[in-house]
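Asker: Show me how the following folds:
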Amino acid sequence: MNKVLLIDDDPELAELLGRYLEGEGFALDATYNGESGLAQARSNEYCLIILDVMLPDTSGFNVLSRLRGDSAVPVIMLTGRGEEIDRVVGLEMGADDYVSKPFPLRELLARMRAVLRRVGPERGDGDPQQPPRPQGDIKVGEILINRGAQQVTLSDAPVHLTSTEFGLIEQLALNLGNIVQREDLMEKALGRDTDFDDYVLNVHMSNLRRKLGGHASIKTIRGRGYLLAVPQAGAV
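Answerer: Down below sits the predicted model:
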């Protein structure tokens, strides 16, 4: 059974979510403050972490920042309804997705499964019918994309990407020089339906551009999508 960690100071939510997720193939551990949550995350193996922004001893952003220093475990942030700045900051700091409180349990479950599909069955996605991730490397200029291991190197130096960012560069690289529609990126890289507000895509794309630096150019094609190009000096 896939193990999930909840870091939230609401015991009632933990109990309710634990019962619900158990019926969906997940085992939930819960901690109620940031420091204990961080210690729990580092001492156990989880397929996903659900992290509240508001914690009694520190902020969820602080926990996320420290966690991202040594772990790429997928993280879904829980934010207050209408707190758009919290959602943007969380995504910019490396969260994979967010859910606004209060939320239907089925919505959180859908977001969890979407994130875990991007990570692949080797990390556990709760769906034994999900096909294995494609294998084989993709070379784009000085960028090497290892699809099986979900790793990216720039000029032989590893670059840390979240599962969402990896999904984006993978889709763009597979269509090098061609426009990838926003709808396709929302579905294939983010696991979201196209009727979602796509500012989440904008934030993840901004993070990806920053991490790739001058090794590649991700062009925005207004009203259509994005196109990956390699600077002439870095082309092979």
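Asker: any low-confidence regions in this structure?
Answerer: Applying pLDDT under 70 to the chain flags the ranges 81-82, 120-135, 192-197, 231-236.
Asker: And the residue nearest the centre of it?
Answerer: residue 96 (2.5 Å; C-alpha atoms, centre = their mean).
Asker: That residue reaches residue 164, doesn't it?
Answerer: Yes: shown here, residue 96 and residue 164 form a contact pair, counting by C-beta atoms under 8 Å, at 5.1 Å. Where you see a C-beta, it was placed from the backbone N, CA and C, and this is true even at glycine.
Asker: so what sits against both of those two?
Answerer: Both residue 96 and residue 164 are contacted by 115, 118, under the criterion C-beta atoms under 8 Å, 6 or more residues apart in numbering.
Asker: Quick check: residue 111 touching residue 78?
Answerer: No: under the criterion of C-beta under 8 Å, residue 111 makes no contact with residue 78, lying 10.6 Å away.
Asker: who touches both of these two?
Answerer: Contact criterion C-beta under 8 Å, 6+ apart; residues shared by residue 111 and residue 78: residue 99.
Asker: And the two? Which one has more around it.
Answerer: More neighbours surround residue 78 than the other of residue 111 and residue 78, with 24 against 21 (other C-beta atoms under 10 Å).
Asker: Excluding covalently adjacent residues, which one is nearest to the more buried one?
Answerer: Distances taken as C-beta to C-beta, 6 or more residues apart in numbering put residue 52 closest to residue 78, at 4.4 Å, once the chain neighbours are dropped.
Asker: wait, what's in contact with that neighbour?
Answerer: Counting by C-beta under 8 Å, 6+ apart, residue 52 has contacts 7-10, 60, 77-78.
Asker: do residue 189 as well
Answerer: Counting by C-beta under 8 Å, 6+ apart, residue 189 makes contact with 118, 164, 167-168, 170-171, 201, 204.
Asker: among those, which two are most distant?
Answerer: By the measure C-beta to C-beta, 170 and 201 form the most distant pair in the contacts of residue 189, at 14.6 Å.
Asker: Residue 219 falls within a helix, correct?
Answerer: No: residue state for residue 219 (DSSP: H, G, I helix; E, B strand; the rest coil) corresponds to strand; a helix is not indicated.
Asker: Give me the domain ranges for the protein.
Answerer: Using automatic domain parsing, the domain parsing of the chain gives 2-119, 137-234.
Asker: chain center to the first one, what's the gap?
Answerer: When you say that, I think you mean domain 2-119. Its chain's C-alpha centre and that of domain 2-119 lie 12 Å apart, by C-alpha atoms, centre = their mean, to the nearest Å.
Asker: Could you do stretch 153-173 as well?
Answerer: 12 Å.
Asker: mind checking the end-to-end distance for it?
Answerer: By C-alpha to C-alpha, to the nearest Å, the extent of stretch 153-173 from end to end equals 14 Å.
Asker: Could you do stretch 146-165 as well?
Answerer: 13 Å.
Asker: what does stretch 181-198 give?
Answerer: Using C-alpha to C-alpha, the end-to-end distance of stretch 181-198 comes out at 12 Å.
Asker: taking the contacts of residue 52 one by one, which sit in helices?
Answerer: Judged by DSSP state H, the contacts of residue 52 include residue 60 as members of helices.
Asker: any idea how far the residue nearest to the centre of the chain lies from residue 75?
Answerer: If you measure residue 96 against residue 75 using C-beta to C-beta, to the nearest Å, the figure is 6 Å.
Asker: can you list contacts of stretch 221-229?
Answerer: The contact list for stretch 221-229, computed with C-beta under 8 Å, 6+ apart, reads 140, 169, 172-173, 175-185, 205, 216-220.
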